[in-house]
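[1] sequence and predicted structure, then a few things I'm wondering about:
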Amino acid sequence: MKERLVVIPTYNEIENIEAIIRKVFSLPESFDVLIVDDGSPDGTAQRVRDLQDEFPTSAPTRRLHLLERRGKLGLGTAYIDGFKWALSRGYQYLFEMDADFSHNPEDLIKLYYACSTEKPTRADVAVGSRYIKGVNVVNWPMGRVLMSYFAGVYVRFITGMSIMDPTAGFVCYRADVLEVILHNPIKFVGYAFQIEMKFTCWKYGFRIAEVPIIFTDRTRGVSKMSSKIFKEAVFGVLQMKISSFFRHYIPRKEAAQKAQEPVNAL
């Protein structure tokens with residue numbers, strides 16, 4: 001059975017893509033990788049295809065996968081397409097991670113253990129948190145640190161969640177969680193996507209754990225953050241909260257039973 005898959009969306013990550021793939025494959029635990037590329041004009045997808053020749057290329061031993069999309073369709077839809085691809089192939093633990101080394105691939109193991117260890121406190125969702133133990137961010141200007149930190153304060157105030165880093169993009173989901181929440185549309189595609197995913201998991205009653213990490217800003221390539229993405233998060237949180245009053249979130253056990261119906265896969 002295929003167990004662990006790291007979904008990495010890319011757009012113009014030619015400077016980082018080979019190094020991040022090799023680092024994931026060097027970990028003591030085995031992780032497969034799915035690159036979801038949005039038509040990068042810099043040749044990111046071609047570099048992934050070249051790397052596939054170095055790794056096993058026949059099922060079921062293939063470890064490096066590529067999903068190509070036409071055009072820049074948004075971070076949220078890239079993850080959702082990647083998750084549906086993975087669920088249709090039987091992966092049990094699915095990870096979100098950036099391509100630029102702002103997330104340390106070695107922390108994948110900590111996220112996996114938080115969701116896989118058989119104990120009463122086992123998490124359904126593990127969040128790589130920058131703020132669960134102080135502020136663990138390296139190389140960001142102070143203005144961006146404050147914007148990110150107080151975005152979390154704002155989200156907690158509006159939603160009622162206690163998650164310290166609701167905008168985090170380094171996450172492990174158990175497959176049964178995604179099978180539940182992807183039966184309903186996730187509306188946001190940018191910064192607010194990360195908030196909506198966690199909010200939906202929380203409303204369904206899934207257990208969310210925060211695992212402390214150190215976030216390091218990229219040293220290669222260009223950030224995709226923009227004022228438009230940030231505004232989506234600010235106003236999207238209000239919209240999301242209001243919409244939740246008119247939506248029925250069935251208990252997690254009933255949701256898990258409903259999730260036996262297959263999610264539409266790519």
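    Okay, I see it.
[2] so how far does stretch 67-84 reach from one end to the other?
    Stretch 67-84 has an end-to-end distance of 11 Å (CA to CA, to the nearest Å).
[3] can you show me the strands along the protein?
    For the chain, the strands defined by DSSP state E occupy 4-10, 32-37, 64-68, 93-96, 125-129, 137-138, 171-174, 208-212, 215-216.
[4] pipe those into CSV and attach mean pLDDT per row.
    Formatted as CSV, the strands of the chain follow (pLDDT from 0 to 100):
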stretch, mean pLDDT
strand 4-10, 97
strand 32-37, 98
strand 64-68, 96
strand 93-96, 98
strand 125-129, 97
strand 137-138, 90
strand 171-174, 98
strand 208-212, 96
strand 215-216, 92
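[5] right, and the ones you listed - which one's nearest Phe245?
    Closest to Phe245 of the strands of the chain, according to CB to CB: strand 208-212, at 21.1 Å. Every residue, glycine included, has its C-beta placed from N, CA and C.
[6] partner strands of the closest one, parallel or antiparallel?
    Strand 208-212 pairs in its sheet with strand 125-129 (parallel), by DSSP bridges.
[7] now the strand it pairs with, how far from the centre of its chain.
    The chain centre lies 9 Å from the centre of strand 125-129; the measure is CA atoms, centre = their mean, to the nearest Å.
[8] need the contact list for Ile80.
    Counting by CB atoms under 8 Å, 6 or more residues apart in numbering, Ile80 makes contact with Leu182, Ile186.
[9] and the pLDDT for it?
    Reported pLDDT at Ile80 in the predicted model: 96.
[10] how close does it sit to Leu94?
    11 Å (CB to CB, to the nearest Å).
[11] about what we covered before: can you list the strands of the chain in a markdown table and add distance to Ala114 and mean neighbour count?
    As requested, the strands of the chain are exported to a markdown table (distance: least, CB to CB, whole Å; neighbours: other CB atoms under 10 Å):
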| stretch | distance to Ala114 | mean neighbour count |
| --- | --- | --- |
| strand 4-10 | 13 | 25 |
| strand 32-37 | 19 | 24 |
| strand 64-68 | 24 | 18 |
| strand 93-96 | 10 | 25 |
| strand 125-129 | 4 | 26 |
| strand 137-138 | 21 | 14 |
| strand 171-174 | 7 | 25 |
| strand 208-212 | 5 | 19 |
| strand 215-216 | 17 | 20 |
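[12] can you redo those as a markdown table with distance to Phe157?
    Listed next are these as a markdown table, based on distance: least, CB to CB, whole Å:
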| stretch | distance to Phe157 |
| --- | --- |
| strand 4-10 | 29 |
| strand 32-37 | 33 |
| strand 64-68 | 37 |
| strand 93-96 | 24 |
| strand 125-129 | 18 |
| strand 137-138 | 21 |
| strand 171-174 | 22 |
| strand 208-212 | 18 |
| strand 215-216 | 22 |
